[in-house]
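Asker: Output the structure for:
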Amino acid sequence: MARYARGHKDASRDKIVSHASARLRKEGIAAVGVRTLMAEAGLTHGAFYTHFPARSDLVVAAIDHALDSAAAHLRHIVEQAPAGRGLEALVRSYLSIGHRDRAELGCAASALAPEIARESLPARESFMRRTREMTELIASTLPADWAADIRTERGYAIFASMMGSLQLMRTASDPAEIEAIMMGGRKAALLLAEAQ
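Answerer: This next block holds a predicted model:
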């Protein structure tokens, strides 16, 4: 019997999760089947169950992966922005043509929120835990003299505004309309950060 090198199982699991994460964001949760996903990842259908007890466990892992990636990307943007311009940089990156056109690499929240509402409790809880992390990042860019509860509330409002704008951008097909939604969404998100 052939033995695999140390770390092979972890590497295979990471490959499955990464591939599933991109596919879920691009095509939606319901559209991604285990058999097809495993074949595309170069693994057998039976190998799936050495990594996940059920498809719902893969969904949770893929969502975590997607939201972690998005949060890391946006955190980097905030950290690289000039002082006091973190939120503006985050909003411009999130509401961009590149993000609109590359759902498989973008924020899972905007791509999957309607489907997540119908998923299992663990999937919804994982989604909300990661969403809270995103809103905390946004809240960290708001004025330090605001009360913590106001910053948190405003963080949710800004994130919800950006998600909705991005979803509308992805629905529209006319370039002028997409641009109008993007610019209006940016302005709306930044206006939410101006007044306490």
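Asker: how deep is residue 34 tucked in, by neighbour count?
Answerer: Residues within reach of residue 34, counting by other Cβ atoms under 10 Å, total 16. The way it works is simple: take the backbone N, C-alpha and C, and place the C-beta from them, glycine included.
Asker: Please report the distance of it from residue 114.
Answerer: In this view, residue 34 and residue 114 are 22 Å apart by Cβ to Cβ, to the nearest Å.
Asker: Same check on residue 86?
Answerer: The span separating residue 86 from residue 114 equals 29 Å under the rule Cβ to Cβ.
Asker: out of the two, which sits in the busier spot?
Answerer: Between residue 86 and residue 114, residue 86 has the larger neighbour count (other Cβ under 10 Å), namely 21 against 11.
Asker: list the buried ones in the helix ranked longest in the chain?
Answerer: Ranked by residue count, the top helix of the chain under DSSP state H comes out as helix 55-80. For helix 55-80, a neighbour-count test (16 or more other Cβ atoms under 10 Å) marks 58-67, 69-71, 73-75, 77-78 as buried.
Asker: next helix or strand past it?
Answerer: Using DSSP states H and E, the next helix or strand after helix 55-80 towards the C-terminus is helix 86-94.
Asker: quick one: buried residues of that following helix?
Answerer: Neighbour-count burial for helix 86-94, with 16+ other Cβ under 10 Å as criterion, is recorded at 86-94.
Asker: ok, residue 20 - contacts?
Answerer: Counting by Cβ atoms under 8 Å, 6 or more residues apart in numbering, residue 20 touches 32, 37, 58-59, 61-62, 65.
Asker: how about low-confidence regions in the protein?
Answerer: Where the chain drops to pLDDT under 70, the residues are 1-8, 196.
Asker: where do the helices sit along it?
Answerer: In the chain, the helices defined using DSSP H lie at 8-27, 34-40, 48-51, 55-80, 86-94, 97-101, 108-116, 121-140, 148-171, 175-191.
Asker: who's in contact with the third one?
Answerer: Looking back up the chat, that one is helix 48-51. 9, 12-13, 16, 34, 38, 58.
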